Structures are given as structure tokens and as C-alpha cells.
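J.: No sequence on hand, only this structure:
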């Protein structure tokens, strides 16, 4: 499908194309992304509610996990509802709406990047310094780390997004992506954006690979400490404490690397770029709660507890209604 570029020096809105090569499958895409959105919401909101409701989960590890689930929800909410409206042909955004969406989507993604690194440090202290864990990662320290992570994410994105809002956008109104992604939007500026693109790419590389090096350092220390444990049972327990986070880290950084490397390959189609760019925004928020639910015994215990309570109350309601109906018949 060919899309004509409209040139206008006074254009105040953008048009999100979505998936250029799949314009004939809008209804199917709507159903797929609606299902994806519901899966993301159900999985992550379940974790949010469990951590709040269950006293056993009021520990630093689960506070970090609560924030991860919250960020996954916020990332999905910042992108998918508008994408669903695009599939229904409501694909126009104002200049302000576009940059607000870009800012929040990138901010939540950056915060999650730093949070994953902070969770690696939490696991490092739990395994390498277990006797001092409650002293090093106390509630105050946990909140300080989380606040720092959020502030860092907001600052990094502000440095990159705010300057490009001042650029003149007159090259085209069409955003060749499924949301207002940074590279897709600044490519529409009718001025040279090489400086902005290179600076943003460099800052992203520093943030991604800087935090990745920190994560690798923590896990090298963890592995070294686990190897020194005398019993096989102790080593198994130590590894089980980290396995969920390791899987999340691998998925997160592999998808991040794929996105930034993919942006530098010129012969990838628009749909290919959109698919690659969506790994962080669609795939990881869906998979994260599944990993933590399947691999974490306390999460599974909390789920079982509240399912049993629901079943118990449901039975009581049925018994009560049966008794009342019997009494009424008499």
C-alpha cells in the first residue's frame, strides 16, 4: 500500500499508519492486540493486587516486582488503546498528543530498564550477603532505590524528547509506526535531525549497556558465591532465588539490543521495524507476569490462597441461598 506524504508547514497533527503492509487485516489486528492488551492487564494487575493483599509479599523483592508489574501496565496503556483506535480508522493525533504518548512510553520503558538492574542488585545482596540482607535492603533503602530509578528514567527521556518538540515538522504527517516512536516521528522534521538521532542513540546505548554491565557484574558475583556453597541443596536454593529474574533480564536486554541494532539496518521493511520495535512494548509486559507466576512459589501460594478463599465464599453463598430458598418453601 502506498501512502502519499502531505507537506504542510502549518500541520498540527499526525497520522499513525500502524502496520503499512497489513492494511487489509485491520479487524484481525484489532482482535489480536485487544487480546494481548487483556492478557497484559490481567497478568500484571493480578500481581499488583496479590502483592498489596498478601502480607507475606510485603518485602523488598516483591515491592520491586510490584513496580515492574505497574510499569508493564503503564507501557501497555500508553500505546495499545490508541493502536486499537488506529485499527478502527481513528488514526489522527495532535502534535501534543503524539509527544505526550512518546514521552510516557519511553519514560516507562527507561524506568523499567533501570528497575531490572536494581532487581539484580537485590538478588545479589540476597545471595551473596544473606545475613545482612535485611540491613542493606531495608524498607527505606528499597523506596530510595525505586524513587531513584523513576527519577533517572524521567530525566533520561526528558533530555531526549523535550528538545525535539521544538523542531519544525513539515516533511509529512504520516508516522510509519504503530505509535509515536521517537525515530519514526523525528524523521518527519523538515530539518537535519542527525545530531538528535545520534545523541539519542548514544544515550540509549549508555543506558542499556551500562545497566547490562552492572547486571552481569552482579550475576558474576552471585555465581561465584553459589559455587562456593558446600551443599547441592544450598546451591539449588540460591539459583532458584534468581532464575525468574535471569529470564526477565535475558528477554529484556535481548529485545533492547534487537531494537537498537535493527534501527541501524537499512534494508528492514517498515513492518519488520515495527515488529522489532514492539518487542519491549508488547512482548515483555505479557511474559513477565507469566514467568514470575510460574517460577515463584510465594506468588503461586498467594494465588492458591485467594482462589481457595473465593471458592470458600462462593460455597457459603450457595449454601446460604439454598437454606433461604428451603425456608421460604416451608
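T.: Everything's here; your move. Keep in mind it's a predicted model, so treat the numbers as computed, not measured. Numbering: from 1, shown residues only.

J.: Could I get the full set of strands for the stretch 1-150 of the chain?
T.: With DSSP state E, counting those that start in this stretch applied, the stretch 1-150 of the chain shows strands at 13-16, 92-94, listed in chain order.

J.: Adjacent strands (with direction) for the longest one?
T.: Right, strand 13-16. Strand partners for strand 13-16, identified by DSSP bridges, are recorded as strand 92-94 (antiparallel), strand 174-175 (parallel).

J.: any idea how far residue 164 is from residue 99?
T.: As for residue 99, its distance to residue 164 is 8 Å (criterion: Cβ to Cβ, to the nearest Å). Quick note: C-beta positions are derived from backbone N, CA and C, even for glycine.

J.: So for the two, which residues contact both of them?
T.: Residues touching both residue 99 and residue 164 by Cβ atoms under 8 Å, 6 or more residues apart in numbering: residue 185.

J.: What strand or helix carries residue 183?
T.: helix 182-186 (DSSP states H and E).

J.: I misspoke; the intended subject was residue 305.
T.: Secondary structure from DSSP H and E places residue 305 in helix 297-329.

J.: Quick one: mean pLDDT for that helix?
T.: Taken as a whole, helix 297-329 has a mean pLDDT of 57.

J.: and if you look at stretch 75-83?
T.: Stretch 75-83 shows a mean pLDDT of 92.

J.: For it, what is the distance to the chain centroid?
T.: Here the centre of mass of C-alpha atoms in stretch 75-83, compared against the chain's by Cα atoms, centre = their mean, to the nearest Å, lies 11 Å away.

J.: Stretch 161-170 too?
T.: Distance of stretch 161-170 from the chain centroid (Cα atoms, centre = their mean) equals 26 Å.

J.: Spell out for me which residue occupies the centre of this protein.
T.: Here the mean C-alpha position of the chain is nearest to the C-alpha of residue 72 (Cα atoms, centre = their mean), at a distance of 3.6 Å.

J.: Distance of that residue relative to residue 177?
T.: Using Cβ to Cβ, which is the criterion applied here, residue 72 is 20 Å from residue 177.

J.: Point out the most buried one among the strands paired with strand 13-16.
T.: Comparing these by mean neighbour count (mean count of other Cβ atoms under 10 Å), strand 174-175 ranks first with a mean of 20.

J.: what about that one, distance to the chain center?
T.: Between the mean C-alpha location of strand 174-175 and the chain-wide mean there is a distance of 24 Å, by Cα atoms, centre = their mean.

J.: For residue 227, see how far away the nearest residue to residue 150 once chain neighbours are set aside is.
T.: Across the structure, with Cβ to Cβ, 6 or more residues apart in numbering as the measure, the residue nearest residue 150 apart from its sequence neighbours is residue 111 (5.4 Å). Using Cβ to Cβ, one obtains 33 Å as the distance from residue 111 to residue 227.

J.: So between these two, which is more surrounded?
T.: When residue 111 is set against residue 227 and neighbours are counted by other Cβ atoms under 10 Å, the residue ahead is residue 111, at 25 against 9.

J.: for that one, what are its contacts?
T.: Here residue 111 is in contact with 71, 149, 150, 152, 153, 154 (criterion: Cβ under 8 Å, 6+ apart).

J.: next one: residue 109
T.: Contact criterion Cβ under 8 Å, 6+ apart gives 75, 153, 280, 281 as the residues in contact with residue 109.

J.: buried sites along stretch 225-237?
T.: For stretch 225-237, a neighbour-count test (16 or more other Cβ atoms under 10 Å) marks 225, 226 as buried.

J.: What about residue 196, how many residues nearby?
T.: Other residues near residue 196 come to 18 when the count uses other Cβ under 10 Å.

J.: so what's it scoring on pLDDT?
T.: The confidence metric pLDDT takes the value 87 at residue 196.

J.: Just the element for it, please.
T.: For residue 196, the element it lies in under DSSP H and E is helix 194-227.

J.: Now find how far off-centre that helix is within its chain.
T.: For helix 194-227 - counting by Cα atoms, centre = their mean - the centre lies 17 Å from the chain centre.

J.: Can you list the buried residues in that helix?
T.: In terms of neighbour count (16+ other Cβ under 10 Å), helix 194-227 has its buried residues at 196-197, 200-201, 204, 207-208, 211-212, 214-215, 218-219, 222, 225-226.

J.: Determine the set of other helices and strands touching that helix.
T.: With contacts defined as 3 or more Cβ pairs under 8 Å, 6 or more residues apart in numbering; DSSP states H and E, helix 194-227 has these neighbours: helix 95-128, helix 139-164, helix 182-186, helix 232-263.

J.: and stretch 35-49, which residues are buried?
T.: 36, 37, 39, 40, 41, 43, 44, 46, 47, 48.

J.: Just to check, the fourth one is in contact with residue 285?
T.: Yes - at 4.8 Å, residue 40 and residue 285 qualify as touching, with contact defined as Cβ atoms under 8 Å.
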